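below are the sequence and a predicted model; questions follow.
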Amino acid sequence: MGMFCYQCQETAKGTGCTVKGVCGKTERVAKLQDLLIYTLKGVSEIVIKGNLDVKNLEQVNHEALRSLFITITNANFDDIAIAKEIEKMITMRNKLREKITEKILHDAAVFEVSSIDDMQMKAAEIGVLATENEDVRSLRELITYGVKGMAAYTHHALNIGKENVDIYAFLYEALAATLDDGLTIEELVALTLKTGQYGVAAMALLDEANTSKYGNPELTEVNIGVMNNPAILISGHDLTDLEQLLEQTKGTGIDVYTHSEMLPAHYYPAFKKYDNLIGNYGNSWWKQIEEFASFNGPILFTTNCIVPPRSEEIKARIFTSGASGYPGCVHIEADLNGKKDFSQIINLAKTLKAPTEIETGKIIGGFAHEQVFALADKVVAAVKSGAIKKFVVMAGCDGRMKSREYYTEFAQKLPKDSVILTAGCAKYRYNKLGLGDIGGIPRVLDAGQCNDSYSLALIALKLKDIFELQDVNELPIVYNIAWYEQKAVIVLLALLYLGVKNIHLGPTLPGFLSPNVAKVLIDNFGITGVGPVADDIVRFIES
Ligand code: SF4
Ligand code: SF3
């Protein structure tokens, strides 16, 4: 069997990448990622069948998060690094197996491989299509992708020193369940919703980690122009990497700019003290091919989303850390205390030109829960007076498909008495349109990164209380969410768990939803896709 991957929105023909990923993932990397997940499922089965106490599995817990994160779309393209991670997981798995008495175990818990070629052969047997029933396959993958997103957020929280062992316990429960042929469709649907429950827990954990360490995001204007110093661009979601980079570049004459999902770092009080944090350069991830060329300096990826570089010159300027990786790019690993030495990047920056300006001005953000609660009186008065008629949650991911122009047009055509609540890189489709404000409340309220969709849920729950409603669905809030990778999957499952109904999901529904599983989501939660903008404005807003 060749490669088969349909975990993201850009999957080939909407059904599956079978020769090479649209993302640039090779068959070799795709198969190694499949085998890494398979190994982790075997680890999970041992933990569950052996009734092991996850509190005592610190090293395995942490490595499991990293393994899952590595397989998220656009995070890691490095075959050697993934093969090493498989070896590490197999070693941990075998040690765990010695602790249990249960002898009847799935192949995932016992198989052995002795080389990368061996791994490729093994992977050919165990990929996504090895599950024959398309509904079971669909639910198993939906759960697995949700768990990947959950692991990414939990990993960020861990880097800040915050953990919740219940999340690890669920992670093993969910992954072990995907090996269990005895589970019914109903049981798998229930597990999907439970995945959403733990998604909420993971986002709450990360929110607590971020705000306790860096303060609560506050209304902030972010410069999108450039200065004259050589500079480093930092991309991805890991705030601890940004903090270390800012500390290490202090006084060196090297400036730092955020890119894509790192933009919301500017909203945290703790990062405002760094005068070498200059602004945000560029737009969402998929524009990096041209924007990295004009940035001129080194780029540090802390997580997804990497687009395979098209020239050796740019590749030589790309560095990775954490779960991210790209063959031929220098990877910077943390020491045992979590410290990363970025001196190679800083030294390279000193030899390169300052960034070329591609735009000027400022964008505004920082509307996470505490900032919006601080404005609650103003917001409530605007709703009561009719100045604000609708809130439109347009959180999620961006992507390179032309069909995503929908979101720009949708934002432009929204009635002027509506406010967009956003989080994630989806915002780049409309955050520079100058959509104005309503009585001083900006019409685009950016809460932060994709995980800060949690803030949007808290805001909705707060409004429900203020307006004394029984159900969050009675609020004048419409959900028009854009998805791309697996973090958006966990955000979606979290919203479903919180009882949010009638979410519009685009630009296309996931290819991994079988017709029957899609029907369950439509019938129980009112999930629908998107259509022509003019029709959707009527359907979502005016009806
Ligand atoms: Fe295809 Fe997306 Fe998988 Fe990449 S991550 S191989 S684009 S489905
Ligand atoms: Fe974007 Fe990759 Fe998902 Fe964190 S950076 S939202 S796509």
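Everything's here; your move. Ligands and ions are numbered 1, 2, ... in the order given.

is it true that Pro355 touches Pro298?
No: in this structure Pro355 lies outside contact range of Pro298 using C-beta atoms under 8 Å: 11.2 Å. Where you see a C-beta, it was placed from the backbone N, CA and C, and this is true even at glycine.

shared neighbours of those two, anything?
Residues touching both Pro355 and Pro298 (C-beta atoms under 8 Å, 6 or more residues apart in numbering) are Leu233.

now do the contacts for the residue of the stretch 151-300 of the chain found nearest ligand 1.
Closest contact between the stretch 151-300 of the chain and ligand 1, by C-beta to the nearest ligand atom, is at Trp286 (11.7 Å). When contacts are counted by C-beta under 8 Å, 6+ apart, Trp286 touches 305, 307, 398-400.

and the residues you listed as a markdown table, adding distance to ligand 1, secondary structure and neighbour count?
Converted to a markdown table, the contacts of Trp286 look like this (distance: C-beta to the nearest ligand atom, whole Å; DSSP: H, G, I helix; E, B strand; the rest coil; neighbours: other C-beta atoms under 10 Å):
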| residue | distance to ligand 1 | secondary structure | neighbour count |
| --- | --- | --- | --- |
| Cys305 | 10 | coil | 26 |
| Val307 | 11 | coil | 17 |
| Asp398 | 14 | coil | 23 |
| Gly399 | 10 | coil | 25 |
| Arg400 | 10 | coil | 15 |
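
from the residues you listed, which are also near ligand 2?
Among the contacts of Trp286, the ones lying near ligand 2 by C-beta under 6 Å from any ligand atom are Cys305.

closest one of the contacts of Trp286 to Tyr484?
For Tyr484, the nearest member of the contacts of Trp286 is Gly399. The distance, counting by C-beta to C-beta, is 4.5 Å.

what's the burial count for the closest residue to the closest one other than its chain neighbours?
Once flanking residues are discounted, Gly399 sits nearest to Tyr484: 4.5 Å by C-beta to C-beta, 6 or more residues apart in numbering. For Tyr484, the neighbour count with other C-beta atoms under 10 Å is 30.

surely Tyr484 touches Glu10?
Yes: contact status for Tyr484 versus Glu10: in contact at 7.0 Å, counting by C-beta under 8 Å.

list residues touching both of these two?
With C-beta under 8 Å, 6+ apart, Tyr484 and Glu10 have common neighbours Gly399.

hmm, back to that, so of the contacts of Trp286, which two are at opposite extremes in space?
Counting by C-beta to C-beta, the most remote pair of the contacts of Trp286 is Val307 and Asp398, 12.3 Å apart.

quickly list what's touching both of the two.
Taking C-beta under 8 Å, 6+ apart as the contact rule, Val307 and Asp398 both touch 285-286.

what's the burial count for Gly24?
The burial count for Gly24: 14, using other C-beta under 10 Å.

mind listing what it touches?
The contact partners of Gly24, taken as C-beta under 8 Å, 6+ apart, are 77, 307-308.

before we move on, back to that, name the SS class of the residue of the stretch 151-300 of the chain closest to ligand 1, please.
helix (DSSP: H, G, I helix; E, B strand; the rest coil).

so which elements touch the longest helix along the chain?
If you go by DSSP state H, the chain has its longest helix at helix 185-214. On a contact count with 3 or more C-beta pairs under 8 Å, 6 or more residues apart in numbering; DSSP states H and E, helix 185-214 meets helix 134-159, helix 165-177, helix 239-249, helix 453-466, helix 486-497.

out of those, flag the one nearest Glu208.
So among these, helix 134-159 is nearest, using C-beta to C-beta, at 7.6 Å.

any part of that closest one near ligand 2?
No: applying C-beta under 6 Å from any ligand atom, one finds helix 134-159 separated from ligand 2 by no less than 8.5 Å.

next, find the distance separating the residue most central in space within the chain from Lys122.
With distances taken as C-alpha atoms, centre = their mean, Lys487 lies nearest the centre of the chain, 3.5 Å away. Applying C-beta to C-beta, to the nearest Å, the value for Lys487 to Lys122 is 28 Å.

nearest to ligand 2: which residue in the stretch 151-300 of the chain?
Closest residue of the stretch 151-300 of the chain to ligand 2, C-beta to the nearest ligand atom: Glu261 (4.3 Å).

neighbours of that residue, just the number please.
Using other C-beta under 10 Å, the number of residues around Glu261 comes to 29.

still on that earlier bit, next structured bit after the longest helix of the chain?
Under the assignment DSSP states H and E, the closest C-terminal helix or strand after helix 185-214 is strand 220-223.

buried residues, that next one. List them.
Residues of strand 220-223 classed as buried by neighbour count (16 or more other C-beta atoms under 10 Å): 220, 222-223.

let's have those residues in TSV, adding pLDDT.
TSV is the format used below for the buried residues of strand 220-223 (pLDDT from 0 to 100):
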residue	pLDDT
Thr220	98
Val222	98
Asn223	98
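
adding distance to ligand 2, write those residues out as a markdown table.
Output for those, formatted as a markdown table (distance: C-beta to the nearest ligand atom, whole Å):
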| residue | distance to ligand 2 |
| --- | --- |
| Thr220 | 19 |
| Val222 | 17 |
| Asn223 | 21 |
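
re the thing from before, out of the contacts of Trp286, which is nearest to ligand 2?
Among these, and counting by C-beta to the nearest ligand atom, the member closest to ligand 2 is Cys305, at 3.3 Å.

quick check: residues of the stretch 351-500 of the chain near ligand 2?
So the stretch 351-500 of the chain meets ligand 2 at 397, 424-425, 449-450, 484-485, 487-488 (C-beta under 6 Å from any ligand atom).

the same query, at a cut-off of 8 Å, please.
With C-beta under 8 Å from any ligand atom as the criterion, the stretch 351-500 of the chain comes near ligand 2 at residues 396-399, 424-426, 449-451, 483-485, 487-488.

would you check which pair of those lies furthest apart?
Using C-beta to C-beta, the pair of those lying farthest apart is Gly399 and Asn451, separated by 18.2 Å.

below-threshold pLDDT in the protein: ranges please.
Along the chain, no part satisfies pLDDT under 70.

which single residue in it comes nearest to ligand 1?
Closest point on the chain to ligand 1, by C-beta to the nearest ligand atom, is Gly21, at 2.7 Å.

look up how far Glu485 lies from that residue.
Gly21 sits 12 Å away from Glu485, going by C-beta to C-beta.

look at those two and report which has more neighbours.
Glu485 (27 against 23).

what's the nearest residue to the more buried one once chain neighbours are set aside in contact with, if anything?
Using C-beta to C-beta, 6+ apart and skipping residues adjacent in sequence, the residue nearest Glu485 is Thr73, 4.0 Å away. Applying C-beta under 8 Å, 6+ apart to Thr73 gives the contacts 7-8, 23, 304-305, 484-486.

briefly note if stretch 149-168 comes near ligand 1.
No: counting by C-beta under 8 Å from any ligand atom, ligand 1 has no neighbours in stretch 149-168; the shortest distance is 13.2 Å.

list the buried residues for that stretch?
Judged by neighbour count (16+ other C-beta under 10 Å), stretch 149-168 contains these buried residues: 149-160, 162-164, 167-168.

burial of Gly196, as a residue count?
21.

do the one 3 residues further on as well
A count of neighbours around Gly199, defined by other C-beta under 10 Å, yields 31.

just the helices in the stretch 1-150 of the chain please.
27-49, 58-70, 79-97, 116-126, 134-159 (DSSP state H, counting those that start in this stretch).

just the residues contacting the fourth one, thanks.
The reference is to helix 116-126. The contact list for helix 116-126 (C-beta under 8 Å, 6+ apart) reads 1-2, 28, 31-32, 34-35, 38, 79-80, 83, 86, 107-108, 111, 113.

what about Lys55, how many residues nearby?
Residues near Lys55, counting by other C-beta under 10 Å, number 11.
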